[in-house]
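Trainee: Any chance you could fold what I've pasted below:
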Amino acid sequence: MRTSTGSVWLIGLVVTFMLIFVSFLSLTISYNKVFKIKNEALTFIEKYEGLKDGNNGSIQLINNYLSYNNYNTMHYCQEGDYGSRNLSSFTLEKVVNKREKYYYCISKKSTRQGNLTNRTKYSVKFFYKFNLPVIGEILTFEVTGETIDINFPVDRLEYKLQ
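Mentor: Take a look at the predicted model:
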């Protein structure tokens, strides 16, 4: 009887450590995928010097890239940001309701220095979920990044007040 009780305790310990290991592995894989997506989106914005909408614009490239990589995590954005609720759309909409969920958030910030008045930085925010195979979705995290300064951006987005 003593051996069976000891075996149950040992099996419980092994299952606990396996759950911790699988959780850590799941979180790491999700973070790496979203980090790569964030960097690619920043590259599109910098390459096209802003957020061009319509065909062959940076918004279309970002949305196509997200669709291609099966990105489907949605979360809340701050008011004043711009976000995408539909990956087949080639425009961004301004966030006016904090209770709406978006695939990603972008804000445009002015970085005026001296005579250079049209300098802009874009801040992007993507989301990833912490999922466990048996338990399901537990938490949603975000990955943020900023572009380099862009002179004379080509979009018509409003600056976010800081």
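Trainee: Spatially central residue for this structure, please.
Mentor: What sits nearest the mean C-alpha location of the chain, by CA atoms, centre = their mean, is F126, with 0.7 Å.
Trainee: Name the helix or strand for that one, please.
Mentor: strand 119-132 (DSSP states H and E).
Trainee: what's the next secondary structure element after that strand?
Mentor: Once strand 119-132 ends, the next helix or strand along the chain (criterion: DSSP H and E) is strand 136-146.
Trainee: List phi and psi for Y102.
Mentor: phi -130, psi 160 (degrees, to the nearest 10).
Trainee: Roughly how far does it sit from M18?
Mentor: Distance from Y102 to M18, counting by CB to CB, to the nearest Å: 35 Å. Where you see a C-beta, it was placed from the backbone N, CA and C, and this is true even at glycine.
Trainee: Check L132 and give its pLDDT.
Mentor: You'll see L132 listed with a pLDDT of 66.
Trainee: remind me, longest helix of this protein?
Mentor: helix 2-47 (DSSP state H).
Trainee: any idea of the angle that one forms with strand 136-146?
Mentor: Interaxial angle, helix 2-47 versus strand 136-146 (axes from the mean of the first three to the mean of the last three CA atoms, to 10 degrees): 30 degrees.
Trainee: Sheet partners, orientation included, of the strand holding F126?
Mentor: strand 104-110 (antiparallel), strand 136-146 (antiparallel), strand 150-151 (antiparallel) (DSSP bridges).
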